[in-house]
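Student: quick check, what structure comes out for this input:
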Amino acid sequence: MSWFDTLIRRSKQYSTDHENEQTINHDNLSELYVACFEGDLDRAHRYLSKTPFAEINRRECNGSTALHAAVQCGHIEMIDLLLNKYGVMRHLCDNQGRTAYDLAKSNEIRRLFQRPTSNGNRFCEKPDSLEMFSSFQKNNKEKSTFKRVETYGSYDEVRRRETLATFYEFQRTKTNNDFLYNFIFQRSIKRTEKEQLEVLLMIIEQSINPSDLNYNKAMELFHEFSKNKNPESLIRLYTLETPLYRFINRGDDSKMIFATLMNNCKDLLYGRSFTGTTYRGLGMTSDDLQIYHWARENPDRYLQLNTFCSSTLDEPLAKMYADANANEQQKQVLIIFNFLRPSVNAIGLYQISNQLHSYSDFQDEQEVLIVPGIAFSVTNIEQTSSLITISMTHLNLIEKMAEFENILIDEQLSSY
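Tutor: Coordinates of the predicted model:
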């Protein structure tokens, strides 16, 4: 019996339906799959150059994809061709729930799945990036400004911008997980869901060039999300190494659209609520560091996140990104985010269980995605000759809003 016949026979033994995956094709194995199994680069390249993207990523009669075959057989050049020349889908699972990355037998193969460490990926700040935090201080009327960080003055002053009706509406609609961007962004967007999807498509078209390696993948994920409203497709779209994440964080409208679409399916994200410690490595100038020292000096001061923020459970990986972005002007900085209780404002994108697999396109990164609008206190700053470490703890703004409610009541009583 030939290897091909053996493969077909085994596929019939293990073939079962796998929820949330593409339908299994029960025809013969594709030409691409066979080429990847055999390591035939020329044959694979000919097939890839003339085949639609969806067909390249199809699951075969044995439940695997061509990428699974290349990885399982250890064909390094074939894996590189699929990932880095044609941008195939890397998150698809076989009948046993394994991604191609799960099948990797060597670090050499795993490295092919990693994100480039060059400046500009979403795990580290660029010098020209937008403000990451806004700063607040309770009972302080002065307004101050830091480079790259807009400050709004006192906590009380900022909250007075909202009416009492808005405040009580927030209290009425809040969840026990303090899903804050529901309050921050939804009140500013009056578009229908169809209009929101149209804007998201426009954002993709404006930020990702059709010649980009991940353009087809981005469009596929968009159409999946449009059809199924599953946050996995939306979040995976954000994790692609494209200009999209930078575009989203650069503009208020695009950021609000993305946050609102996530919020619309937040009930499917509670199982990924994060508690614990996560890290972000970046480069900062002395001016950039001022706001953190300012917040550390007084326990009444806190910082509110303005952007989507990618962080990782892998401290060495975060330090590697910090080192990659250090230069004569920028110092290596490691930010430590501490979440003392589960928060859906911090979404674990890594594989949590067999049912909750990785949502990131880069499975090795152990990512925790922190959403805009949540607040942190700066609890400690340590500095060595090579690294500055900033420790921050997530604040429950529902409790802060309760404090503000007491202030409002006192003011109302004193006015009589």
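Student: in this structure, which strand has the most residues?
Tutor: The longest strand of the chain (DSSP state E) is strand 331-348.
Student: show me what it is packed up against.
Tutor: strand 273-284, helix 286-296, helix 315-324, strand 367-370, strand 388-395 (3 or more CB pairs under 8 Å, 6 or more residues apart in numbering; DSSP states H and E). Just so you know, the C-beta spots here come from the backbone N, C-alpha and C atoms, and that holds for glycine as well.
Student: mind doing that once more with 7 Å?
Tutor: strand 273-284, helix 315-324, strand 367-370, strand 388-395 (3 or more CB pairs under 7 Å, 6 or more residues apart in numbering; DSSP states H and E).
Student: list of residues touching it?
Tutor: 177-180, 266, 269-270, 272-284, 311, 318-319, 322-323, 326, 368-371, 374, 386-394 (CB atoms under 7 Å, 6 or more residues apart in numbering).
Student: partner strands of that strand and their direction?
Tutor: Under the criterion DSSP bridges, strand 331-348 sits next to strand 273-284 (antiparallel), strand 367-370 (antiparallel), strand 388-395 (parallel) in its sheet.
Student: returning to what we had before: show me which of the contacts of strand 331-348 are buried.
Tutor: For the contacts of strand 331-348, a burial check counting by 16 or more other CB atoms under 10 Å picks out 177-180, 266, 269, 272-274, 278-284, 311, 318-319, 322-323, 326, 368-371, 374, 387-394.
Student: bridging residues for the residue nearest the centre of the chain?
Tutor: By CA atoms, centre = their mean, the mean C-alpha position of the chain lies nearest to Leu369, the distance being 4.5 Å. In this entry, Leu369 is beta-bridged to Ser310, Ile347, by DSSP bridges.
Student: got the buried residues for stretch 81-101?
Tutor: For stretch 81-101, by 16+ other CB under 10 Å, it's 81-83, 86-95, 98-101.
Student: look up how far Gly373 lies from Asn263.
Tutor: Distance from Asn263 to Gly373, counting by CB to CB, to the nearest Å: 11 Å.
Student: Tyr215 too?
Tutor: Distance, Tyr215 to Gly373, by CB to CB: 30 Å.
Student: between these two, who's got more neighbours?
Tutor: Neighbour totals were compared for Tyr215 and Gly373, and Gly373 leads with 21 against 18 (other CB atoms under 10 Å).
Student: isn't there a strand covering the more buried one?
Tutor: No: in this structure, Gly373 is coil, not part of a strand, as judged by DSSP: H, G, I helix; E, B strand; the rest coil.
Student: circling back: from the buried residues of stretch 81-101, which land in strands?
Tutor: Going by DSSP E, the strands hold none of the buried residues of stretch 81-101.
Student: residues in contact with the one helix or strand Glu55 maps to: which ones?
Tutor: When elements are assigned from DSSP states H and E, Glu55 belongs to helix 53-56. With CB under 7 Å, 6+ apart as the test, helix 53-56 has contacts from Leu32, Leu48, Tyr86, Val88, Asn216, Glu220.
Student: list the buried residues of that helix.
Tutor: Buried residues in helix 53-56 (16+ other CB under 10 Å): Phe53, Ile56.
Student: can you check stretch 337-353 too?
Tutor: Phe337, Phe339, Pro342, Ser343, Val344, Asn345, Ala346, Ile347, Gly348, Leu349, Tyr350, Gln351.
Student: next: stretch 307-320.
Tutor: Buried-residue list, stretch 307-320, by 16+ other CB under 10 Å: Thr307, Phe308, Cys309, Ser310, Ser311, Thr312, Leu313, Asp314, Leu317, Ala318, Lys319, Met320.
Student: next, Leu269: phi, psi?
Tutor: When read as degrees, to the nearest 10, the backbone of Leu269 gives phi -110, psi -10.
Student: swap in Glu108?
Tutor: phi -60, psi -40.
Student: what does the one 4 residues further on give?
Tutor: Backbone dihedrals for Leu112, given as degrees, to the nearest 10, come out at phi -70, psi -20.
Student: what about the closest residue to it other than its chain neighbours, which SS state?
Tutor: Nearest non-adjacent residue to Leu112, counting by CB to CB, 6 or more residues apart in numbering: Ile79, 5.2 Å away. Counting by three-state DSSP, the backbone at Ile79 sits in helix.
Student: show me the contacts for Ile79.
Tutor: Residues near Ile79 by CB under 7 Å, 6+ apart: Ala70, Val71, Ile109, Leu112.
Student: of the helices and strands packed on strand 331-348, which is nearest Asp253?
Tutor: Using CB to CB as the measure, strand 367-370 is the one of those that comes nearest Asp253, at 20.0 Å.
Student: next SSE downstream of the closest one?
Tutor: Downstream of strand 367-370 (by DSSP H and E), the next one is strand 375-383.
Student: who does that following strand pair up with?
Tutor: Per DSSP bridges, strand 375-383 is paired in its sheet with strand 301-305 (antiparallel), strand 388-395 (antiparallel).
Student: weakest of these in terms of mean pLDDT?
Tutor: Lowest mean pLDDT within these: strand 301-305, at a mean of 85.
Student: next, the angle helix 286-296 makes with that one.
Tutor: 120 degrees (axes from the mean of the first three to the mean of the last three CA atoms, to 10 degrees).
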